[in-house]
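1. When you get a sec, could you give me coordinates for this:
(4 chains)
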2 protein chains.
Amino acid sequence: MSELPDSTRVETLKRPALAAARETIADGIGRDALVTVFGRCTVDYEGRASSRLEAGDRHVMLKPDGAALVHTDEGQQPVNWQPPGCEHDVYQEDDRLVLESVRSTPDERLRVSFGTVLQVSAFSGTDENDLALVGTEEDLREHILAEPDLLEPGFTPLATERETPAGAVDIYGKDSAERTVVVELKRRRVGPDAVSQLRRYVDALERDLHADATVRGILVAPSVTDRADRLLVEHGLEFVSLEPPAE
Amino acid sequence: MSELPDSTRVETLKRPALAAARETIADGIGRDALVTVFGRCTVDYEGRASSRLEAGDRHVMLKPDGAALVHTDEGQQPVNWQPPGCEHDVYQEDDRLVLESVRSTPDERLRVSFGTVLQVSAFSGTDENDLALVGTEEDLREHILAEPDLLEPGFTPLATERETPAGAVDIYGKDSAERTVVVELKRRRVGPDAVSQLRRYVDALERDLHADATVRGILVAPSVTDRADRLLVEHGLEFVSLEPPAE
DNA sequence: TAATTAATCTCGCGT
DNA sequence: ACGCGAGGTTAATTA
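-> Got it, this is the predicted structure:
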């Protein structure tokens, strides 16, 4: 039977006494393990907003980078959380076990108070690999830059992320008639927001390049909603249907 | 010693054989438990985009509502996931244990393949309570509706979520001179996006109420960025500094 | 540190 | 099911 490397360890307690739970959690935090606690708890948050969650059974994860996640049995999103960069703390208070994750800038505090702890685990592992993701807006940009005729015949890209007083334009270029073209890319079907964004850039560039300049604005996305289409027409903007490449 | 209610159970296997792991996971999914698996795995995703993650130690959570989360030891966000509504599946494939979560509309598939399973848990619990959150945009709206003078003396709210061709306006009302006022609320410091949004609504209402109508647009937020401020001035829009109430 | 924008955004509400 | 906008959005990049 193969031995695990020393760096890969799992420590688990079932229905532990509070003192034992506290010690295992503190030890896990101390040696940069990923710590999970399942049990009946209340959750309080105070920071950019504030919240309270009355007692229920939840799964809490404390990560070594300072992130904290409180999950119920529903939803992709945690019901409460704390971003990376927090300081985790665990202590006993009367007959309860309390987890606290605190950060500053902004001042935020998450407090999970367990009346019953059903399981505590501390996982140590290694993970060298990063996610390889395909189908992003950047992939769509590369696609168009490699083959500008996909946008329209004769299009010449001149810059990406070109700065304007209203923000950076995704692709800046010229059409076959030497007119300035501003391209805004979206990886998926878009609504009014994307049209407004493109309009901001076109407005800003027209101001920048003097009032007599003609600036074309082209929205590139798989599709647009009806309302977005109406806004495009209203503002004299154009649409080209393209998707991020599949591979 | 107090007995747990039958509905609150935890089942855990340490370094299980694949067959035992598969059975416990399948049983957990079947009885609507929250299932977690920690071990060395690869992760593949295909759907709105596609991704691959090479081998590493990760924590996988399968929720009874169909959500799936793959967490590394870093970050608040899962490295891969699947939203609620998926069908979870577990099976053995050669010497590997495979978790699959699949959904349609859109067609998406998440596949986690374990070469080593260090721990499997199945948690059953109860959670009756919802989160009580304070400090949202809606709280800010209630605050202003209860005391309209906070916006400016003589302001009279006439409607919330008033529909325009460009979307619904947060607060629609009249000032002391009977001019139409459009109010856009943000719970935190805003950038150019919020200004564009307000501008969309003002444009749409001016069209709606005939060309001769004067429509004031007021952005309400704790503060604005420099660029947003410049955009506000450019478009003749106004700003009032207000925060959501603290309690 | 702040600002800006993408995201497999998610989530809730409405049509 | 789709559209639309909020979110304690988070995360990445850049100034």
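2. what's the neighbour count on A:A204?
-> Residues within reach of A:A204, counting by other CB atoms under 10 Å in any protein chain shown, total 23. Heads up, the C-betas are built off the backbone N, CA and C, glycines and all.
3. ok, now A:G75?
-> Neighbourhood size, A:G75 [other CB under 10 Å]: 13.
4. which residues of chain A score low on pLDDT?
-> Residue ranges of chain A with pLDDT under 70: A:1-8, A:211.
5. What's the biggest strand in chain A, counting residues?
-> Counting residues, the longest strand in chain A under DSSP state E turns out to be strand A:108-124.
6. so what's A:G154 closest to, chain neighbours aside?
-> Excluding the flanking residues, the one nearest A:G154 by CB to CB, 6 or more residues apart in numbering or on different chains is A:S176, at 2.8 Å.
7. and if you look at A:R189?
-> What sits nearest to A:R189 in space, not counting adjacent residues and going by CB to CB, 6+ apart, is A:S223, at 4.6 Å.
8. Report the contact partners of that neighbour.
-> When contacts are counted by CB atoms under 8 Å, 6 or more residues apart in numbering or on different chains, A:S223 touches A:189-190, A:241.
9. what about the residue nearest to A:E163 when sequence neighbours are not counted, how many neighbours?
-> Excluding its sequence neighbours, the residue lying closest to A:E163 (CB to CB, 6+ apart) is A:V169, at 7.9 Å. By the criterion of other CB under 10 Å, A:V169 has 25 neighbours.
10. what's across from A:V169 in the sheet?
-> For A:V169, the beta-bridge partners under DSSP bridges are A:R162.
11. That one is in contact with A:L205, isn't it?
-> Yes. At 7.5 Å, A:V169 and A:L205 qualify as touching, with contact defined as CB atoms under 8 Å.
12. Between the two, which contacts overlap?
-> Common neighbours of A:V169 and A:L205 (CB under 8 Å, 6+ apart) are A:V182.
13. Do any residues in stretch A:183-192 lie close to DNA strand D?
-> Yes. For stretch A:183-192, a contact with DNA strand D is found by CB under 7 Å from any atom of the strand, at A:189, A:191-192.
14. Helices - which of these land there?
-> With DSSP state H as the criterion, helices contain A:P192 from among these.
15. Tell me the bridge partners for A:Q82.
-> Taking DSSP bridges, one finds A:A68 as the beta-bridge partners of A:Q82.
16. how far away is it from DNA strand D?
-> Between A:Q82 and DNA strand D the computed distance is 5 Å (CB to the nearest atom of the strand, to the nearest Å).
17. can you pull the contacts of that residue?
-> Residues near A:Q82 by CB under 8 Å, 6+ apart: A:66-68, A:101, A:103, A:108, A:110, B:76.
18. hmm, 10 Å instead?
-> By CB atoms under 10 Å, 6 or more residues apart in numbering or on different chains, A:Q82 lies in contact with A:45, A:47, A:62-63, A:66-70, A:88, A:100-103, A:108-110, B:76.
19. which of these are buried?
-> With burial judged by 16 or more other CB atoms under 10 Å in any protein chain shown, the buried subset of these is A:45, A:62-63, A:66-70, A:88, A:100-103, A:108-110, B:76.
20. What residues does chain A have near DNA strand C?
-> Chain A comes close to DNA strand C at residues A:75-77, A:105, A:131, A:133, A:135-138, A:166-168, A:170, A:184-188, A:197, A:200, as judged by CB under 7 Å from any atom of the strand.
21. Which of those residues fall within helices?
-> If you go by DSSP H, the residues of chain A next to DNA strand C have A:137-138, A:197, A:200 in helices.
22. which one is A:E137 nearest to, not counting chain neighbours?
-> Spatial nearest neighbour of A:E137, chain neighbours left out: A:R187 (4.6 Å); criterion: CB to CB, 6+ apart.
23. Tell me how far the one you found lies from A:T156.
-> A:R187 is 23 Å from A:T156, where distance means CB to CB, to the nearest Å.
24. Next: A:T126.
-> 48 Å.
25. And for A:G28?
-> The spacing between A:G28 and A:T156, counted by CB to CB, is 57 Å.
26. can you check A:V60 too?
-> Going from A:V60 to A:T156 by CB to CB gives 55 Å.
27. Same check on A:R189?
-> Distance, A:R189 to A:T156, by CB to CB: 28 Å.
28. residues touching the nearest residue to A:M61 once chain neighbours are set aside, list them.
-> In space, and not counting its chain neighbours, A:M61 is closest to A:L69: 4.5 Å by CB to CB, 6+ apart. Taking CB under 10 Å, 6+ apart, we find A:L69 in contact with A:36, A:58-63, A:77-82, A:101, A:110, B:61, B:69, B:71, B:76-78.
29. One more: A:R109?
-> A:44-47, A:50, A:82, A:86, A:100-103.
30. let's see it at 7 Å
-> Contact criterion CB atoms under 7 Å, 6 or more residues apart in numbering or on different chains gives A:46-47, A:100, A:102 as the residues in contact with A:R109.
31. For B:E23, state which of those is nearest.
-> A:E100 (37.8 Å; CB to CB).
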